[in-house]
Structure formats: C-alpha cells, structure tokens
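Peer 1: return a 3D structure for these sequence lines:
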Amino acid sequence: MSDNKAAAGPILGFAGGLVILAYGAYELYLAETVQSLANLAGFPVNGSLLGFIYGGEAGIILGIFLIIASITLAAAPDYHFSLGVLIIALSLLSLVSLGGGDGFGLLLGVLGGTCAIVFGPEGPPAKEVRLRSEFLPRTQTNADVPGSEPVPFVPPAPRLSVTARPHRGCPSCGKVIPAAFTTCPNCGAKI
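Peer 2: Purely as a prediction, here's the structure:
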C-alpha cells in the first residue's frame, strides 16, 4: 500500500477541521457584530440570533475536535478504523454550524474519515503482533559467525516461589527437616 493513500485520511480530515473551525469563527463573528450593531441602534435582539451564536461556537468546538482526531490518526495509524469513524461523525455533526463549513468542510471531513478507514495500515496493530510473537518459538543467531544457523531460543526456567513452612533440626544428626516429619529422613532417628 502506498504511503500517500494512508496519509490522505489525516490530511483531508485536518483540512476539513480547519474549514469547519474557520466557518464557525466567521459565523460567531457575524452574530456578535449584528448583536452589537442592534444594541447600538436600540433594536431588541430576538432569539434567532442566538442560534447563529451557538452554531458558531459548535463549529469552533467541532473543528478543534476534528483537527485533534486527524492529528491523532497521523500519530497512531493502528487505530485508523475507530478514528476514521470519529472523523466522519464529527464532520456530520458540523451541520449544526453553517451547514458543515458551507458543505466544503463536511465533504473534506467525510472523505478524510473514509480514507482513514479504507487506507489504514495493513495487518493487525503492532501491539497485537507483539503479543502473538510471544507464543512463537524464538531463534537466536551468532552475529559474529557469518552464515550461522539459527539456534532455538530456550527461555530460562521459571522461578518457583516457595512458601515458608516450619522446620526444625534433628536432635541426632543436626540436619534441618520439615516440622511435619516424625522421623529424620537422613539418620532415621525418631523426633
């Protein structure tokens, strides 16, 4: 798979987030300007203007989240599917803000999320590969000898934990024996 295709998701998602953020900021700026002009002129401000203010704030917040999700996708491509779905969902939610960045930010975000889902890295995530490799037999090579045959890796024996049990010494031979013994296994004396 080409790296260009895998990079398309974060780039398009980032661009969509910037467009949605810019349109949200523009919408908020226009709503604040109209509200301040209306207050100067003495006209009462109706509730419909508040929709523009809330839409602008939503566009800014969704644009920031979309940018963060795209940066995360570029940094952690193993999670391309879940981040691609998140990018698509955030892009669709941006419809509350000036129509998803006038439709252009919505389109870029949906395309970026789709590219992230489709063109993600091949194979399982690196963490899963590392866990599976623990169960496979390992081999070692002698790096000093060119063309040496791989030697099977033999893991060290596991350490056994010994629980402390009471012991006592044999009065006859002096060896330490478990307290449960009634005769010494070394000398045969009764304890």
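
Peer 1: what residues are up against His80?
Peer 2: Neighbouring residues of His80 by Cβ atoms under 8 Å, 6 or more residues apart in numbering: 6, 9, 73, 116-117, 119-121. For the C-beta atoms, the positions are set from N, CA and C on the backbone; glycine is no exception.

Peer 1: which among those residues end up buried?
Peer 2: 6, 9, 73, 116-117, 119-120 (16 or more other Cβ atoms under 10 Å).

Peer 1: give me the helices and strands touching the lengthiest helix in the chain, please.
Peer 2: Ranked by residue count, the top helix of the chain under DSSP state H comes out as helix 3-41. Secondary-structure packing of helix 3-41 (3 or more Cβ pairs under 8 Å, 6 or more residues apart in numbering; DSSP states H and E): helix 48-75, helix 80-93, helix 98-102, helix 104-118.

Peer 1: mind redoing it with 6 Å?
Peer 2: Applying 3 or more Cβ pairs under 6 Å, 6 or more residues apart in numbering; DSSP states H and E, one finds that helix 3-41 contacts helix 48-75, helix 98-102, helix 104-118.

Peer 1: can you list those helices in JSON lines and add distance to Ala89 and mean pLDDT?
Peer 2: Putting these into JSON lines (distance: least, Cβ to Cβ, whole Å; pLDDT from 0 to 100) gives the following:
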{"stretch": "helix 48-75", "distance to Ala89": "9", "mean pLDDT": "82"}
{"stretch": "helix 98-102", "distance to Ala89": "12", "mean pLDDT": "68"}
{"stretch": "helix 104-118", "distance to Ala89": "8", "mean pLDDT": "88"}
